[in-house]
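K.L.:
pasted the sequence and its predicted model underneath.
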Amino acid sequence: MNTPLRFALAKGRLEKQCRALLTRAGYDCAALEAPGRRLVHTLPHPERVPLEAVLAKAPDVITYLSRGVCDIAVAGKDTIMEQGGPFYELLDLKLGVCRFALAAPEGSAFFEGAEHRRVATKFPAIARRALAALGIDAEIIRIEGSCELAPLLGLADAIVDIVESGDTLRENGLVILRELYPLSARLIVNVAAYKLRRAEIDLLIKDLKEVMADASDC
């Protein structure tokens, strides 16, 4: 079969990191270097079936995969945990490494007493699970912008958010109370596609693992 594997990628930094990984795996990613307004691009390979790269917004990647219009995708573990869906998570690509954390203003007594707690987050499902595991009952306030603003304005007592260096937290007077979950980009596969095209998908995963191992040896 020479039909391309349709591959959903989130536009932005993660797409650029994936492009570099796919290039090392032998795919011609020139079309992604200057995509213009086009959102679907063919990535040929001399020995493998081509990929048909679909550039989408991060929250939509799992929708396209779960609905079966894409065979494989790369998504952040944050999106996977928040949305879920009928797919297999087959490979940690070690890209975009960061973590979920519970953070609050320095000197906060967040864990003390039984008063009503409010937690702001872009990820309500993840926040609920994490707080339940900590034995904390809290009101979850969904925020679409910078979560750090919520404690500063008195909207929330703490936040659950993605943390990389922690600089933004520190600059806004927040400290990490608990590190919750490690995060990175993962290769995920539609259930039906994996049954129908497992050999081709497994070859892609094998190639990616090899170039990742070569990079770690350098």
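P.N.:
Arrived safely, thanks for sending. Residues are numbered from 1 along each chain as shown.

K.L.:
what residues sit buried inside the longest strand along the chain?
P.N.:
Longest strand of the chain, by residue count under DSSP state E: strand 174-183. The neighbour-count check on strand 174-183 (16 or more other Cβ atoms under 10 Å) flags 174, 177-178, 180, 183 as buried. Glycine gets a C-beta too; all of them are placed from N, C-alpha and C.

K.L.:
quick one: average pLDDT of the helix or strand hosting A8?
P.N.:
Applying DSSP states H and E as the criterion places A8 in strand 5-10. Regarding strand 5-10, the rounded mean pLDDT is 95.

K.L.:
over to stretch 112-119?
P.N.:
83.

K.L.:
how about that stretch: buried residues?
P.N.:
Neighbour counts over stretch 112-119 (16+ other Cβ under 10 Å) mark 117-119 as buried.

K.L.:
residues in contact with the most centrally placed residue in the chain?
P.N.:
Geometric centre of the chain, nearest residue: G76, 0.9 Å, by Cα atoms, centre = their mean. Applying Cβ atoms under 8 Å, 6 or more residues apart in numbering, we find G76 in contact with 10, 14, 58, 96, 183-186.

K.L.:
tell me what the helix or strand hosting L131 is packed against?
P.N.:
Using DSSP H and E, L131 maps to helix 124-133. Under the contact criterion of 3 or more Cβ pairs under 8 Å, 6 or more residues apart in numbering; DSSP states H and E, helix 124-133 touches helix 77-83, strand 98-105, strand 117-121, strand 138-142, strand 158-163, strand 174-183.

K.L.:
which segments of this protein make up each domain?
P.N.:
Following automatic domain parsing, one gets these domains for the chain: 5-96+184-217, 98-181.

K.L.:
so among the contacts of G76, which ones count as buried?
P.N.:
Buried among those by 16+ other Cβ under 10 Å: 10, 14, 58, 96, 183, 185-186.

K.L.:
next, give me the two most distant ones among those residues.
P.N.:
Greatest spatial distance in these: A10 and L183, 13.6 Å, computed using Cβ to Cβ.

K.L.:
using PDB, write out the CA atom coordinates for the strand holding A8.
P.N.:
What follows is strand 5-10, C-alpha atoms only, in PDB (Å, rounded to 0.1, in the frame of the first residue of the first chain):
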ATOM      1  CA  LEU A   5      -0.500   7.900   6.400                       C
ATOM      2  CA  ARG A   6      -2.300  11.000   7.500                       C
ATOM      3  CA  PHE A   7      -0.400  12.600  10.300                       C
ATOM      4  CA  ALA A   8      -1.900  15.500  12.400                       C
ATOM      5  CA  LEU A   9       0.600  18.000  13.800                       C
ATOM      6  CA  ALA A  10       0.000  20.900  16.100                       C
END
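
K.L.:
so what touches it?
P.N.:
15, 18, 43, 49-58, 61, 64-65, 69-76, 193, 197, 200-201, 204.

K.L.:
I'd like the buried residues of stretch 112-119 as TSV, with distance to L102 appended.
P.N.:
Shown next, in TSV, are the buried residues of stretch 112-119 (distance: Cβ to Cβ, whole Å):
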residue	distance to L102
R117	11
R118	13
V119	8
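
K.L.:
from these, pick the one nearest A25.
P.N.:
Of the buried residues of stretch 112-119, the one sitting nearest to A25 (Cβ to Cβ) turns out to be V119, at 40.6 Å.
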